[in-house]
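Enquirer: dropping the sequence and predicted coords here.
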Amino acid sequence: MKRPENIYVSLHLEKDETSAELLLSIQFDKNAPNFSTDKNVISWCPSIEELEFVSEAFEMLAKGKRHKQEQSGESRGREELIREADEKEILDRVLERKDRAFMKP
């Protein structure tokens, strides 16, 4: 695979210790022609290739997070349906017992 030109950044995946979520960080090459520092100001003029590279990585990470959220939402939905069914069954049993008790002489 040919290395893309005009990309002077590297991407790193990190895991946040408190939330356990994956984070994407961008590491800059301070010797790159599109990176400069002047006193307390740091400037980066990303090339089109760098923008595409970073955007693609963030999109992939966002897709993974959305997929994970959808899966957890589906499992929560199933749990709620089960709880509702259990509640209905319990209520039916209680009402049935009351009916039986009321009908006995």
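Expert: In hand now; what should we look at?
Enquirer: please make it C-alpha for all contacts and neighbour counts, starting now.
Expert: OK.
Enquirer: show me where this structure has helices.
Expert: Per DSSP state H, the chain carries helices over the ranges 48-103.
Enquirer: low pLDDT regions in it?
Expert: Scanning the chain with the threshold set as pLDDT under 70 gives 1-4, 72-105.
Enquirer: one more time with 50, if that's ok
Expert: 1 (pLDDT under 50).
Enquirer: stretch 5-15: which residues count as buried?
Expert: 7-9 (16 or more other CA atoms under 10 Å).
Enquirer: if you could redo that for stretch 60-76, that was the one I meant.
Expert: Leu61.
Enquirer: restricting to C-alpha, output that stretch in PDB.
Expert: Presented in PDB, the C-alpha positions along stretch 60-76 are these (Å, rounded to 0.1, in the frame of the first residue of the first chain):
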ATOM      1  CA  MET A  60     -15.300   5.100  12.000                       C
ATOM      2  CA  LEU A  61     -15.100   5.800  15.700                       C
ATOM      3  CA  ALA A  62     -18.500   7.500  15.700                       C
ATOM      4  CA  LYS A  63     -20.100   4.600  13.800                       C
ATOM      5  CA  GLY A  64     -18.800   2.200  16.400                       C
ATOM      6  CA  LYS A  65     -20.200   4.300  19.200                       C
ATOM      7  CA  ARG A  66     -23.600   4.600  17.500                       C
ATOM      8  CA  HIS A  67     -23.700   0.800  16.900                       C
ATOM      9  CA  LYS A  68     -22.800   0.200  20.600                       C
ATOM     10  CA  GLN A  69     -25.600   2.600  21.700                       C
ATOM     11  CA  GLU A  70     -28.100   1.000  19.400                       C
ATOM     12  CA  GLN A  71     -27.300  -2.400  20.800                       C
ATOM     13  CA  SER A  72     -27.600  -1.300  24.400                       C
ATOM     14  CA  GLY A  73     -30.900   0.400  23.500                       C
ATOM     15  CA  GLU A  74     -32.200  -2.800  21.900                       C
ATOM     16  CA  SER A  75     -31.400  -4.800  25.000                       C
ATOM     17  CA  ARG A  76     -33.000  -2.200  27.300                       C
END
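Enquirer: quick one: contacts of that stretch?
Expert: Under the contact criterion CA atoms under 8 Å, 6 or more residues apart in numbering, stretch 60-76 has outside partners 22, 24.
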